[in-house]
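> Sequence first, then the predicted structure:
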Amino acid sequence: MKCPHCLESFFEDKSSFHQLGADNDGSWLIFKYKCPSCWRWNFTLKLNIANAVGVGSKEFMVWPKAITRTPLPKEVPDKYADDYKEACLVLPDSPKASAALSRRCLQLLLRDEFKVNPSNLDGEIQEVIDSRKLPTYISDAIDAVRIIGNFAAHPLKSTKTGEILPVEPGEAEWQLTVLESVFDFCFVSPEKLKQRKTALNQKLADAGKPPMK
């Protein structure tokens, strides 16, 4: 099992539980376990149900509220990372709110990093695709935002990106995946390439050779 905080594996058999009591819904317990990698607590609420229908149980992750996605690299600026992280946080409770945050973040990315002319999200997506500034796989992924989101049936998703609107199955999750791809293209990969180039130039300098241009 993976820790919801750091996504590193841990052993659940080290968990402990406490009986909270019973009510008309059933018997309540809370399980806790601390990840040996990040040393953070995880809490799960469990409800044991016994009635005329049979015996069953339900589990609710209390903290963190859901398994996180891969942590964002430090290269992603806070103005984008904050919206992304909040979209991840609210996803289990409200895919609509998560999708709204992701749309707003995507629009900000297109305007600030690709200098598209401010219009609606649909038009801005088309402009960045037509500019050919992105690899095909990212262009296709961004284009799928409006296809999966069914912008034709829900034009407010394009004109008012922050609105809490109905979402299609998988739409909110897909928008997070698209943001991760754009973050990697805009911020992460260039920084990694810069670091490798610097390291290579140092080796060339040590060998008495000219640096890469």
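Everything's here; your move. All values derive from a computational prediction rather than experimental measurement.
> C-alpha only now, for contacts and for neighbours.
Fine.
> Domain-wise, how is this structure divided?
Taking automatic domain parsing as the reference, the chain has its domains at 12-63, 78-190.
> shaky segments in this structure?
Applying pLDDT under 70 to the chain flags residues 1, 7, 9-15, 51-54, 66-68, 204.
> Would you map the strands across this protein?
Taking DSSP state E to define them, one finds strands in the chain at 16-23, 26-34, 41-50, 55-63.
> Please identify the most buried of the domains of the chain.
domain 78-190 (a mean of 18; mean count of other Cα atoms under 10 Å).
> Export the domains of the chain to CSV and append columns for distance to Pro71.
CSV is the format used below for these (distance: least, Cα to Cα, whole Å):
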stretch, distance to Pro71
domain 12-63, 13
domain 78-190, 9
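> Which one, of those, ends up nearest to Lys197?
domain 78-190 (10.4 Å; Cα to Cα).
> Now do that closest one: distance from first to last residue.
Counting by Cα to Cα, to the nearest Å, you get 17 Å between the two ends of domain 78-190.
> just to revisit the earlier point, would TSV of the strands of the chain with distance to Lys2 be doable?
TSV is the format used below for the strands of the chain (distance: least, Cα to Cα, whole Å):
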stretch	distance to Lys2
strand 16-23	17
strand 26-34	12
strand 41-50	11
strand 55-63	13
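> Which one, of the ones you listed, ends up nearest to Glu8?
That would be strand 26-34 among the strands of the chain, by Cα to Cα, at 11.9 Å.
> any idea how far the closest one is from the chain center?
Between the centre of strand 26-34 and the centre of its chain there are 27 Å (Cα atoms, centre = their mean, to the nearest Å).
> Show me the contact partners of it.
Contacting residues not belonging to strand 26-34 are listed as 12, 14-22, 40-50 [Cα atoms under 8 Å, 6 or more residues apart in numbering].
> quick one: Ser16 and Tyr137, what's the gap?
From Ser16 across to Tyr137, the span is 45 Å (Cα to Cα).
> what do you get for Ile147?
For Ile147, the distance to Tyr137 equals 15 Å [Cα to Cα].
> again with Ala199
29 Å.
> re the thing from before, out of the strands of the chain, flag the one nearest Ala81.
Closest to Ala81 of the strands of the chain, according to Cα to Cα: strand 55-63, at 20.9 Å.
> Does anything pack onto that closest one? Which helices or strands?
strand 41-50 (3 or more Cα pairs under 8 Å, 6 or more residues apart in numbering; DSSP states H and E).
> Which residues does the strand it packs on contact?
Outside strand 41-50, the residues within contact range by Cα under 8 Å, 6+ apart are 3-4, 25-35, 55-64.
> ranges for the helices of this structure?
78-90, 95-113, 121-131, 136-148, 156-159, 171-183, 189-206 (DSSP state H).
> want to throw these into TSV with distance to Arg69?
Below are the helices of the chain laid out as TSV (distance: least, Cα to Cα, whole Å):
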stretch	distance to Arg69
helix 78-90	7
helix 95-113	13
helix 121-131	25
helix 136-148	18
helix 156-159	24
helix 171-183	9
helix 189-206	19
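> and of the ones you listed, who's closest to Leu165?
Here helix 95-113 is closest among the helices of the chain (Cα to Cα), at 5.8 Å.
> which helices and strands sit right next to the closest one?
helix 78-90, helix 121-131, helix 171-183.
> so can I have a markdown table of these showing distance to Ala141?
Below are the helices and strands packed on helix 95-113 laid out as a markdown table (distance: least, Cα to Cα, whole Å):
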| stretch | distance to Ala141 |
| --- | --- |
| helix 78-90 | 17 |
| helix 121-131 | 10 |
| helix 171-183 | 6 |
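> I am finished for the moment; much appreciated.
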